[in-house]
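Peer 1: structure of the sequence below:
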Amino acid sequence: MDIILIYLAVAVVLFVAAYVAKRRFGLLGLALAAGYLLSDIWGDEISLLATGLGFGSGAVTSAVVTSVMVILPPAVLMFHGYIYKNVIARSVGAALFAVLALAFLVEPLGRVFVPSGQAGREVYDWIANNNLQLIAIGMTAAIIDVFMTKPVQLKNGRRR
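Peer 2: A predicted model of the protein is given here:
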C-alpha cells in the first residue's frame with residue numbers, strides 16, 4: 001500500500017477524532033510532544049516487550065508501538081479539557097492537530113512503508129525533509145493556543 005494513502009487515512013482519522021471531540025489544539029499538541037518524547041525514551045524497550053509477548057517482531061512492530069505511544073497521550077486527553085465553541089475554530093484546531101501528528105509520525109511510518117511512484121516519493125520526501133519545521137511551527141501554535149485559553153471563572157467558589 002502506498003504510504004501517501006496511509007498518511008491520508010491517518011490524517012482523516014485524527015482530524016475527525018479531534019473535530020468530534022471539540023478539544024482545543026494546544027493541549028492535544030503538547031500531548032503529542034509528550035508522546036513523541038516517551039516513544040523516543042521507551043520505544044525500543046516496549047517494542048522488545050511486545051515482541052516477547054508474541055505481537056510480532058521487526059520494523060513493523062517497532063513502528064506500530066512507536067506510533068501508538070505518540071498518539072496515546074492526545075487520545076486520552078480527547079475526553080478532557082477545554083473545548084472550541086465554534087465550527088471554524090474546531091476545524092482549524094483539528095486540521096492543525098492532524099498535521100502536527102503526521103509530522104511526529106513521519107519517522108516511524110517511514111521505517112515500514114516505502115513510497116511508490118514519483119509523486120508519492122516527492123510528497124513523502126517533502127514531509128520528511130520539513131517535519132522539524134512543521135513540528136516547530138505546530139508546537140509554537142499549540143503553546144499560543146494554550147495561552148489563549150480562558151480559565152473557568154469562579155464566583156463564590158462555584159463555576160458560573
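Peer 1: can we go C-alpha only for contacts and neighbour counts from here?
Peer 2: Noted.
Peer 1: any idea which helix is longest in the chain?
Peer 2: helix 117-148 (DSSP state H).
Peer 1: which parts of it are buried?
Peer 2: Of the residues in helix 117-148, those buried under the neighbour-count criterion (16 or more other C-alpha atoms under 10 Å) are 120-121, 124, 127-128, 131, 134-135, 138-139, 141-142, 145-146.
Peer 1: show me which of those has the smallest pLDDT value.
Peer 2: Checked by pLDDT, those have residue 120 as the lowest-scoring entry (72).
Peer 1: all helices for this structure, in order.
Peer 2: 3-21, 25-52, 59-77, 87-112, 117-148.
Peer 1: residue contacts, the residue minimising distance to the centre of the chain?
Peer 2: Note on the chain: the residue nearest the mean C-alpha position is residue 101, at 2.6 Å, using C-alpha atoms, centre = their mean. With contact taken as C-alpha atoms under 8 Å, 6 or more residues apart in numbering, residue 101 is in contact with 11, 14, 29, 32, 71.
Peer 1: read off the pLDDT value for residue 81.
Peer 2: In this prediction, residue 81 carries a pLDDT score of 79.
Peer 1: I'd say residue 138 and residue 102 touch.
Peer 2: No - Residue 138 is not in contact with residue 102 according to C-alpha atoms under 8 Å; the separation is 10.9 Å.
Peer 1: hang on, the earlier thing: with neighbour count, pLDDT and distance to residue 85 added, can I get the contacts of residue 101 in JSON lines?
Peer 2: Compiled in JSON lines, the contacts of residue 101 are given as follows (neighbours: other C-alpha atoms under 10 Å; pLDDT from 0 to 100; distance: C-alpha to C-alpha, whole Å):
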{"residue": "11", "neighbour count": "20", "pLDDT": "90", "distance to residue 85": "23"}
{"residue": "14", "neighbour count": "21", "pLDDT": "93", "distance to residue 85": "19"}
{"residue": "29", "neighbour count": "28", "pLDDT": "93", "distance to residue 85": "18"}
{"residue": "32", "neighbour count": "25", "pLDDT": "94", "distance to residue 85": "22"}
{"residue": "71", "neighbour count": "22", "pLDDT": "93", "distance to residue 85": "24"}
